[in-house]
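> Below is the sequence, then the predicted model.
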Amino acid sequence: MSGLRVIVGCKRVIDYAVKIRVKPDKLGVVTDGVKHSMNPFDEIAVEEAVRMKEKKLASEIIAVSCGPTQCQETLRTAMAMGADKSIHVEVDAATYENLQPLHVAKILAKVAQDEKADIVFTGKQAIDDDCNQTGQMVAALLDWPQATFASKVEKANGDLTVTREIDGGLETIKVKLPAVLTADLRLNEPRYATLPNIMKAKKKPMAKKKPADYGVDVAPRQSILKVEDPPVRQAGSKLDSVETLVGKLKDAGLVPS
Amino acid sequence: MTVVVAVVIAAVVVVAALVVIVTHLVWYSYTSSFKFLIQVTKLSCALVCQSGCVLETLDSHVQDHGLTMPLDLGAKGSCHIGGNVATNAGGIRLLRYGSLHGSVLGLEAVLPDGEVMDCLTPLRKDNTGYDLKQLFIGSEGTLGIITKVSILCPQKPNAVCVALLGCETFQKVLDIFVSCKSYLGEIMSAFEFLDSESMELVKENLSLSSPLQQYPFYVLVECSGSNGDHDEQKLTNMLQAVMDSGAALDGTVATDSTKINNIWALRESCAAALLKDGYNYKYDVSLPLQHFYSLAEEMRERVKDHAIRTVAYGHVGDGNLHLNVTTAKYCPATMALIEPFIYDWVAQHRGSISAEHGLGLKKRQFIYHSKTPAAVALMASIKQAIDPRGIMNPYKVLPQAAKKE
């Protein structure tokens, strides 16, 4: 089988190290002027796709991102890591706030069909919404098999053998191609893009599209009612003796009197 | 009779050593109780706090106000701001924000006679009399105990990115520095280097991994600014220039926190990695940049049969070299090869024998390698005037002989 064509979904999210602030209107979090980067799990997916290309299993990698203009930076990072080209599906900032996994899944499914992809690869979930839905929805829309939470991907004949991280440990399954994969943490350690590749990435093609080009309606299906900070942790108190501690535990009903 | 005198002297030395140790323990627990913030004034960007506040805590606190602390060092999770000021700590951001001599606006200190000297002001400019706080900054506790500090905090940068470059020779490191100054200008916030031995050290001893292949020298450049897009453009232009000129053979750029922290870890873990070899002969010198690496090369050659390794890394941007030799255990033969050779070499090349680590106990007698006798005599007069009974951190900073003058 000649090289596989891989679509990789890359979401631009607030950098994991940033202290998140709720907006004063309590309808979202502050994103202006805040550091963003590629969703770490998507980065792992890009890395795996690049490794597949290096092993001559994949022949072309197309990175896709849905969102405002800044998503182009995310795509350039993907191309610097080794993606051959990218597609920016432009969604304006206001609409983006209500963009849901189902919208993105519909877009990715269409892209996969247009590009005659063999694999749609995404991170297992995004670190901003933790939805863990997009990959699974793409598989359902395309009626393709899915191998989620992948921690190892191998090709054997015309199928993929994928080791998945599950609650009880590891599960190994075989999926026929074409398939949807979602990357888990231990799949690989993403490479650093080196300077020559960063420079080359600037010349790689980036197509600019809109959701309408794929026949997808991104009108909101949900509205956010409220976004709140988690409750502030109460300070503990220092006690001066074991007896006092036992007394307090008994008072709180945590220890039988 | 001489035996009795010898025993008495030995006893005095032991007691003195105990006094020094106890003073240090008391100092640390004392300042630990001074850990309250007093205020942050956003308009003037001044932070006023007690001296026992931990640097990292202060940094997190002022970040809520859109500010950042003007210094950053590997020990930020445990060091007290009072200690930073008393030692005039340098760190990795000195290149951008200057030294504490510039960013400390005021301080409150307790003098040896018990008097509380209140020079705590959040004002940016105050030319009324001698600037006493400058005496205390870097005094290593020999003039008084700093109890409160007022510091000017710069704006927190919105965008930070880090580049790690590999190059062939130290001259190329300097060429890259020149390019960075010209292309990056005001957004450059750190410029550090490691030699290949330092990179091998952290890989071997701490199992860290480098994003680049092996090169003789590595440069870490950090940019911080208010606009990520502008900064990226400047950084890209600089990288293109250094790649085209061949100054950099390869490199990588990081914009997300994980990668930025990983790249910084390579540089910041050098000190911890050295300890794993066994015994570390640690030196911190300032040198004119054209002689910077020659000292490391000469030292490596000198100790090659008597040491595990010689590594050099440091704040190239500030002309500050951290030169380290390691052996499995302390070895007098190795030490004899290192000192006083290193101090003599530095003095000959008109550098400083202690760029940021101070003099303390172990380097006080080498002060004359970097300061004239007249200057040291004036320091001794000042010490005498402020601390006539010599109770503040005795046996430190100034050499024994100077006290008699």
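Received it, and whenever you're ready, just let me know what you need.

> Can you show me the strands along the stretch 301-405 of chain B?
Secondary structure of the stretch 301-405 of chain B (DSSP state E, counting those that start in this stretch): strands located at B:309-315, B:320-327.

> Tell me the strands beside the longest one, with direction?
Strand pairing for strand B:320-327, determined by DSSP bridges: strand B:279-286 (antiparallel), strand B:309-315 (antiparallel).

> As TSV, those strands with mean neighbour count would be great.
Just so you know, the C-beta spots here come from the backbone N, C-alpha and C atoms, and that holds for glycine as well. Output for the strands paired with strand B:320-327, formatted as TSV (neighbours: other CB atoms under 10 Å in any protein chain shown):
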stretch	mean neighbour count
strand B:279-286	20
strand B:309-315	24
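
> Mean pLDDT and distance to A:Asp42 added to those, as CSV?
Output for the strands paired with strand B:320-327, formatted as CSV (pLDDT from 0 to 100; distance: least, CB to CB, whole Å):
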stretch, mean pLDDT, distance to A:Asp42
strand B:279-286, 95, 42
strand B:309-315, 95, 34
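
> Residue ranges in chain B under the pLDDT threshold?
B:1-2, B:4-35, B:37, B:401-405 (pLDDT under 70).

> can you do 80?
Residues of chain B that meet the criterion pLDDT under 80 lie in B:1-38, B:42, B:228-229, B:401-405.

> Could you measure from the residue of the stretch 1-150 of chain B found nearest chain A over to B:Glu56?
Closest to chain A within the stretch 1-150 of chain B is B:Gln63: 7.4 Å, counting by CB to the nearest CB. According to CB to CB, to the nearest Å, B:Gln63 and B:Glu56 sit 11 Å apart.

> what does A:Val227 give?
According to CB to CB, A:Val227 and B:Glu56 sit 28 Å apart.

> Likewise for B:Ser286?
Distance from B:Ser286 to B:Glu56, by CB to CB: 27 Å.

> What of A:Ala109?
According to CB to CB, A:Ala109 stands 46 Å off from B:Glu56.

> In terms of neighbours, single out the busier of those two.
A count of neighbours by other CB atoms under 10 Å in any protein chain shown puts A:Ala109 above the other of A:Ala109 and B:Glu56, at 24 against 16.

> Pull the contacting residues for the nearest residue to the more buried one once chain neighbours are set aside.
Counting by CB to CB, 6 or more residues apart in numbering or on different chains, A:Leu141 is the residue found nearest to A:Ala109 once chain neighbours are left out, at 4.1 Å. Contact partners of A:Leu141, counting by CB atoms under 8 Å, 6 or more residues apart in numbering or on different chains, are A:105-106, A:109.

> Check B:Tyr183 too.
Applying CB under 8 Å, 6+ apart, the residues near B:Tyr183 are B:234-235, B:237-238, B:241.

> Buried residues in the one helix or strand it maps to, which are they?
For B:Tyr183, the host element (DSSP states H and E) is helix B:170-184. For helix B:170-184, burial by neighbour count (16 or more other CB atoms under 10 Å in any protein chain shown) applies to B:170, B:172-177, B:179-180, B:183-184.

> Stretch B:154-162 and chain A in contact?
Yes. Stretch B:154-162 comes into contact with chain A (CB under 8 Å from any CB of the partner chain), by way of B:158-160.

> Tabulate the residues you listed (TSV), appending secondary structure and neighbour count.
Shown next, in TSV, are the residues of stretch B:154-162 next to chain A (DSSP: H, G, I helix; E, B strand; the rest coil; neighbours: other CB atoms under 10 Å in any protein chain shown):
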residue	secondary structure	neighbour count
B:Asn158	coil	16
B:Ala159	strand	18
B:Val160	strand	21
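
> Name all residues that make contact with the closest residue to chain B within the stretch 101-250 of chain A.
Nearest to chain B in the stretch 101-250 of chain A, going by CB to the nearest CB, is A:Tyr192, at a distance of 3.5 Å. Applying CB under 8 Å, 6+ apart to A:Tyr192 gives the contacts B:164, B:211-212, B:252, B:254, B:259.

> Now do the contacts for B:Val242.
Applying CB under 8 Å, 6+ apart, we find B:Val242 in contact with B:165, B:175-176, B:179, B:248, B:251.

> contacting residues around the closest residue to it other than its chain neighbours?
Once flanking residues are discounted, B:Val242 sits nearest to B:Ala248: 4.2 Å by CB to CB, 6+ apart. Neighbour list for B:Ala248: A:195, B:165-167, B:172, B:176, B:219, B:239, B:242 [criterion: CB under 8 Å, 6+ apart].

> at 7 Å instead, please
B:165-167, B:176, B:242 (CB atoms under 7 Å, 6 or more residues apart in numbering or on different chains).

> same check, this time on B:Ile260
B:Ile260 touches B:160, B:162, B:254, counting by CB under 7 Å, 6+ apart.

> Name whatever forms a beta bridge with the second one.
Using DSSP bridges, the beta-bridge partners of B:Val162 come out as B:Glu222, B:Ala254.

> which bits of chain B sit near chain A?
Residues of chain B lying close to chain A by CB under 7 Å from any CB of the partner chain are B:158-159, B:211, B:239-240, B:243, B:250-257, B:259.

> quick one: the helices in the stretch 101-250 of chain A?
A:101-114, A:134-142, A:195-201, A:242-251 (DSSP state H, counting those that start in this stretch).

> Cool, thanks, talk later.
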